[in-house]
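Trainee: Pasting the sequence and the predicted model now:
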Amino acid sequence: MTKSPGAILDGAQHRPQRGESQDGTSTKSPGAILDGAQHRPQRGESQDGTSTKSPPGNLSAANAPPHSGPRSKDGAAGSAAEWAEEEPGKEPAVIYLDYAATTPVDPAVAEAMVLSLREEGRLGNPSSMHLPGRRAAGRIEAARAQVAALIGAAPEEIIFTSGATESNNLAVLGVPRANAHRGRHVVSSRIEHKAVLDPCKRLEKEGFTVTLVHPDRTGRIDPLALAAALRADTVLVSVMLVNNEVGVIQDVEAIGALCRARGILFHTDAAQAAGKIPIDVRVLPVDLMSFTAHKLYGPMGIGALYVRSGARSHLQPIMFGGGQERGLRPGTLPTHQIVGFGAACELARQALASESARLISLRERLWTELAALGGAHLNGEGAPRVPGILNVSFEDVQGESLVAGLSELAISTGSACNSASAEPSYVLRALGRDIELAQSSLRFSIGRFTTSTELAAAAAAVRRELKRLRALSPASEATHPDLEGDESCVVGEAGGPGQEVWVQFKLRVRDGLVEKASFKAFGCPHTLAVLGWVADRLVGRSYAELVPGTPADWAQQLAVPVEKLGRLLKIEDALHECLRNWSEV
């Protein structure tokens, strides 16, 4: 048998694999990474290894190697939605379009990790000097070489961390603290991830000065604007390689060159770039680079910080106790996670060119369909963007309600770290989007297992919800169909265009009682739910008892978060407007 170039566990006993005969003749893809792993039948596969359905984790068609399962026309290896449909008793399938938040673990990566975990008695603490410890250390160093190869680094320049957040903290806090005697000024941008911005705030509490450069309207940081922010006491510049919300690629080559010419260390957050676009730190003037496994089909909980060999003396650790990772990151190294990280990097490196082309094609087809819906704005338009991210703002809809209506899609309104907040994206606000458009943005992020069928279904779902929410808005030309032209109607309205809530009631009044109630609204899901609940209770009420309780009562009844209670006041205001107009009927 000739082993796969991607094999990562040289010491594992060989057993016949899928695509390999008993005599060891391999027919496997050159991207296979686990020649030594024992094969077990998978879901959708018979005992003899014949695949009847491709699970969501098969390596994508980046190199179009032979695979055990069928492929869609666009080359993706089965979809997560298709796979979920096979699970009896499970919830309805959801189309996963949130790869920028996290990627599914590739089965080949999971297999590598499982094999590492199963080597009971053979792998010890990698810091130990006995044979099991040396075996574990060997696995780690093999994986370190794979991680380094993805970005063109030397293995000794890779420091393992728990993820990109820790890597960013180590760089953003560690460099200024180690160089405080030279200066106390740091430069970054307003569109960085919170894992950079929050450490910058910490530095300000320690007496450092931080300058945040504004992006242009496309989302790029102008190198000239950044150059103007540099000072004689600047010790660090941190600008992300790819923005996590809009996918814009920054000109780190030009920014790094500015820093190198002035003797300023340059850090870049490459969490959304590694494995997605070509990176070669031998060419890029970058001193430190953060990235993580779970953004490139590896496990959560493991990442890396690239530290250029000449920059090590300018970096101070932020954790202590053990001396691992050249004294920069103490703690016992998680062998199986690092093995998975290395496997993921190996797969990503092999698939990079063709997978990028496939994703760009899918992304542009999706944008064409969304743009045709009208009132759609491409965020980051005109700037170079990473293949897998499409961020779109939609006019005349409330963002929370749009996402709530798209229950069959796993998407986000921005960074996964901030999507739980009702606040508009600070990144889109920095790009110049108004509050309404910033709140109504959707980030579609696609990846290795995304199919054109899934994207067509996603576009249809967005079309449906846009039509529903736009028709529901008081700004639309659509009327209250059951009450149009009825002169016995009372109308009450509160809020208006540009406000977070806009409510309109229309009530048919007969013999002093509400016979029928209808509403139109622009608002969040909680607001719409309360409106429907209140409208149902208006029928049969008289002038004196029209308002069914108070906003506080409604919030308690429907479990509305306290921070949204103020929005319900608009519903009460619209009902009071109905009362003022009642006498005119």
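Mentor: Everything's here; your move.
Trainee: What residues of stretch 213-228 count as buried?
Mentor: Neighbour counts over stretch 213-228 (16 or more other CB atoms under 10 Å) mark 213, 215, 218, 219, 220, 221, 223, 226, 227 as buried. No exception for glycine: its C-beta is placed from N, CA and C like everyone else's.
Trainee: contact partners of it?
Mentor: If you take CB atoms under 8 Å, 6 or more residues apart in numbering as the criterion, stretch 213-228 is touched by 187-191, 229, 237, 239, 243, 246, 248, 250-251, 254-255, 258, 379-383, 427, 430-432.
Trainee: So which of these are in strands?
Mentor: 187, 188, 189, 237 (DSSP state E).
Trainee: PyMOL command for the buried members of the residues you listed?
Mentor: Listed next is the PyMOL selection for buried residues among those, using 16+ other CB under 10 Å:
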select buried, resi 187+188+189+237
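Trainee: between the ones in strands among the contacts of stretch 213-228, which is nearest residue 396?
Mentor: residue 189 (30.8 Å; CB to CB).
Trainee: In CSV, list the buried residues of stretch 213-228 along with distance to residue 277, pLDDT and secondary structure.
Mentor: Converted to CSV, the buried residues of stretch 213-228 look like this (distance: CB to CB, whole Å; pLDDT from 0 to 100; DSSP: H, G, I helix; E, B strand; the rest coil):
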residue, distance to residue 277, pLDDT, secondary structure
213, 22, 96, strand
215, 19, 93, coil
218, 17, 91, coil
219, 16, 92, coil
220, 15, 95, coil
221, 17, 96, coil
223, 19, 97, helix
226, 21, 97, helix
227, 24, 98, helix
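Trainee: re earlier: among the contacts of stretch 213-228, which ones are in helices?
Mentor: Those of the contacts of stretch 213-228 mapping onto helices are 229, 254, 255, 258, 427, 430, per DSSP state H.
Trainee: Show me which pair in the residues you listed is furthest apart.
Mentor: 258 and 427 (22.9 Å).
Trainee: tally of neighbours for residue 513?
Mentor: Neighbourhood size, residue 513 [other CB atoms under 10 Å]: 16.
Trainee: what residues are up against it?
Mentor: Residue 513 neighbours (CB under 8 Å, 6+ apart): 540, 541, 542.
Trainee: Before we move on, what's the pLDDT of it?
Mentor: pLDDT, residue 513: 94.
Trainee: Name the residues linked to it by a beta bridge.
Mentor: Note on residue 513: beta-bridge partners by DSSP bridges are residue 510, residue 542.
Trainee: Look up how far residue 206 lies from it.
Mentor: Computed as CB to CB, to the nearest Å, the residue 513 to residue 206 distance reads 67 Å.
Trainee: With only the CA atoms kept, save the host helix or strand of residue 176 in PDB.
Mentor: Using DSSP states H and E, residue 176 sits in helix 164-178. Below are the C-alpha coordinates for helix 164-178, written out as PDB (Å, rounded to 0.1, in the frame of the first residue of the first chain):
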ATOM      1  CA  ALA A 164      -8.900  32.600  18.200                       C
ATOM      2  CA  THR A 165     -10.200  34.500  21.100                       C
ATOM      3  CA  GLU A 166      -7.300  33.400  23.300                       C
ATOM      4  CA  SER A 167      -4.900  34.000  20.500                       C
ATOM      5  CA  ASN A 168      -6.200  37.500  20.000                       C
ATOM      6  CA  ASN A 169      -5.900  38.200  23.700                       C
ATOM      7  CA  LEU A 170      -2.400  36.900  23.800                       C
ATOM      8  CA  ALA A 171      -1.300  39.100  20.900                       C
ATOM      9  CA  VAL A 172      -3.300  42.300  21.800                       C
ATOM     10  CA  LEU A 173      -2.400  42.200  25.500                       C
ATOM     11  CA  GLY A 174       1.000  40.400  25.300                       C
ATOM     12  CA  VAL A 175       2.700  42.700  22.800                       C
ATOM     13  CA  PRO A 176       1.800  46.100  24.400                       C
ATOM     14  CA  ARG A 177       2.600  44.900  27.900                       C
ATOM     15  CA  ALA A 178       6.000  43.600  26.800                       C
END
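Trainee: still on that earlier bit, from the ones in helices among the contacts of stretch 213-228, list the buried ones, please.
Mentor: Listed as buried from the ones in helices among the contacts of stretch 213-228 are 229, 255, 258, 427, 430; burial here means 16+ other CB under 10 Å.
Trainee: Lovely, talk soon.
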